[in-house]
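Novice: have a look; sequence and predicted model below, questions after that.
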Amino acid sequence: MRLESRAPLAAAAALTALIAAQVYLLTRAVHTKTVFDEGVYLLSIDVLGHGEALGREVFTSQGPLFYVLLRVIGFVFGVSVVGVRLGMVAIAAAGTLLAFLLGRRVSGTAGGLLCAGALVMAPKLSYLGAAIYADMPATVIAVAALYLAANRLWIFAGAALACATLVKVAALTAAPTLVVLAVLEQPRARRLAQVVVGYAAAVGVVALIFVRDLSGIWTGAVTYHLRGRNQIGLGARHELVGFFSTQTPFFWFAVAGLLASVVVWRRVWPYWLWAAATIWFITEYTPLRENQLLALPFAVGIPAGLGLGAFAARMPLRLVGPAAAVAGLVVAAGWGQQLHLVTGGGFFEPESPALVDAAAELAKVTRPGQLVISDQPIVAFLAHRQTPGQYVDTASLRFDTRTLSDAEVQRDTKRVAAVFAGRAFLTHDRLLAFFRQWFRHRTVVDGATIYYGSPLRSRR
């Protein structure tokens, strides 16, 4: 294509600018308050670092490779709120680079830059891209799988998709695209078999590594979510309407990409299957959480960029410059809109002072090395206190799905130095009564209670 022969340095500079703009946008939220799930994952890194086994000892609400990835991030960036979030930003930037490489492979440099530009201005990714969730890393690995498929590396593509699903099962929405790409390549049966072999091999290797922990991993990553399907979550229709708001440049970019794909359908239609599967998954999955929408920027933005890039290859030379300028303005406007949203939408709120004070109090009434149980995981993490692995996640859903019970909490309370009750535990009168009977002391901290001290029963 013209861009490859005329301006490779300009394309590299444009890609660098896009990634830099995205990193700047995502890092705006690095120092903001945490949500419950982030506390769960941060505490999980800490507990795994103390040698507890994933699944068998540490409750595992996501695929096992997500926790492997978290430990790698912790090693590189440090096990802290800011450190792990910076690791997530790095993964998002890698995803933008992979989107560019995939786009360039399928529809030229213009397609690559348009795919990358779509992610830079995408809704949801702007303020959730730095958050500690499994959704975005799983989607980025799925992009890698499609890039490998575009390069006809079928076994590796299958293995990459397996790794994506072992981070988060929702990454299977990319499977229809991968399968179709393999079937369209001759010899069809051989290519599809290579994908299946790669997928099975990766799953087999991970299963062998975690062979002693598979039962616990399955309970947390699969059974837990299946049992929780009837819980209350976001409204899928409302969230999709919000994501595809006509007031965002991303929406019109996607529309233009879809229309362009009609003209160049032979080259790009398999990638739209990913968008369709992702939208279907979001509408069917319950309870829907906002972080599960993080796949949409990739699943919609990349096919749109591919379609526009392939269409641009057919444009007369005199129109290439104006078209590139328009595309640049759209991406800049979309990025500016998302920056305004992040900086003006309350995302700069610091960590809750109540949780910070509670962590300080928990650290004061316990000693380093002592175990604690907290129904606000971030409190134990900020207090630098270790938790028994099954209590990294103490959400109400654990009790609702019978993956945690009052009896288990009572049993394990007898081996910890303190319990922080400020969320799920507050609705369990039986537990609160037991805490009051078991511990010598308690202190109230802004709506929560810390129970600590030698057991009262030890005086008998």
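Specialist: Received it, and whenever you're ready, just let me know what you need.

Novice: now do the helix or strand harbouring Gly95, average pLDDT.
Specialist: Per DSSP states H and E: Gly95 is located in helix 81-120. Mean per-residue pLDDT for helix 81-120: 96.

Novice: mind listing what's buried in that helix?
Specialist: Applying a neighbour-count criterion of 16 or more other Cβ atoms under 10 Å, one finds 81, 83-120 buried in helix 81-120. Using the backbone N, CA and C atoms, a C-beta is placed for each residue, glycine as well.

Novice: equivalent analysis for stretch 204-214, please.
Specialist: For stretch 204-214, by 16+ other Cβ under 10 Å, it's 206, 210, 213.

Novice: and for stretch 396-405?
Specialist: 396-399, 401, 403-404.

Novice: where do the strands sit along this protein?
Specialist: Assignment of strands within the chain using DSSP state E yields the ranges 372-374, 418-421, 439-445, 448-455.

Novice: now render those as JSON lines, adding mean pLDDT, mean neighbour count and distance to Asp357.
Specialist: Below are the strands of the chain laid out as JSON lines (pLDDT from 0 to 100; neighbours: other Cβ atoms under 10 Å; distance: least, Cβ to Cβ, whole Å):
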{"stretch": "strand 372-374", "mean pLDDT": "96", "mean neighbour count": "26", "distance to Asp357": "14"}
{"stretch": "strand 418-421", "mean pLDDT": "96", "mean neighbour count": "26", "distance to Asp357": "12"}
{"stretch": "strand 439-445", "mean pLDDT": "93", "mean neighbour count": "15", "distance to Asp357": "6"}
{"stretch": "strand 448-455", "mean pLDDT": "91", "mean neighbour count": "20", "distance to Asp357": "10"}
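
Novice: out of the ones you listed, which gets nearest to Arg229?
Specialist: Nearest to Arg229 among the strands of the chain is strand 372-374 (26.9 Å), distances taken as Cβ to Cβ.

Novice: where does the stretch 101-250 of the chain dip in pLDDT?
Specialist: Counting by pLDDT under 70, the stretch 101-250 of the chain shows low-confidence ranges at 230, 232-236.

Novice: recalculate using a threshold of 80.
Specialist: In the predicted model of the stretch 101-250 of the chain, residues 228-238 satisfy pLDDT under 80.

Novice: rewinding a little: ok, which pair from the buried residues of stretch 396-405 is furthest apart?
Specialist: Spatial extent of the buried residues of stretch 396-405 (Cβ to Cβ) is set by the pair Ser396 and Thr403 at 11.5 Å.

Novice: what residues of stretch 56-76 count as buried?
Specialist: Residues of stretch 56-76 classed as buried: 56-71, 73-74 (neighbour count, 16+ other Cβ under 10 Å).

Novice: run the chain-centre distance for it.
Specialist: Mean-position distance between stretch 56-76 and its chain equals 12 Å (Cα atoms, centre = their mean, to the nearest Å).

Novice: and the pLDDT for Ala256?
Specialist: For Ala256, pLDDT reads 95.

Novice: how much space between the nearest residue to it once chain neighbours are set aside and Ser454?
Specialist: Among residues not flanking Ala256 along the chain, Leu308 sits closest, at 6.2 Å (Cβ to Cβ, 6 or more residues apart in numbering). For Leu308, the distance to Ser454 (Cβ to Cβ, to the nearest Å) stands at 68 Å.

Novice: kindly report the same for Phe244.
Specialist: Using Cβ to Cβ, we find Phe244 at a distance of 58 Å from Ser454.

Novice: count of neighbours near the residue nearest to Ala256?
Specialist: Residues within reach of Leu308, counting by other Cβ atoms under 10 Å, total 30.
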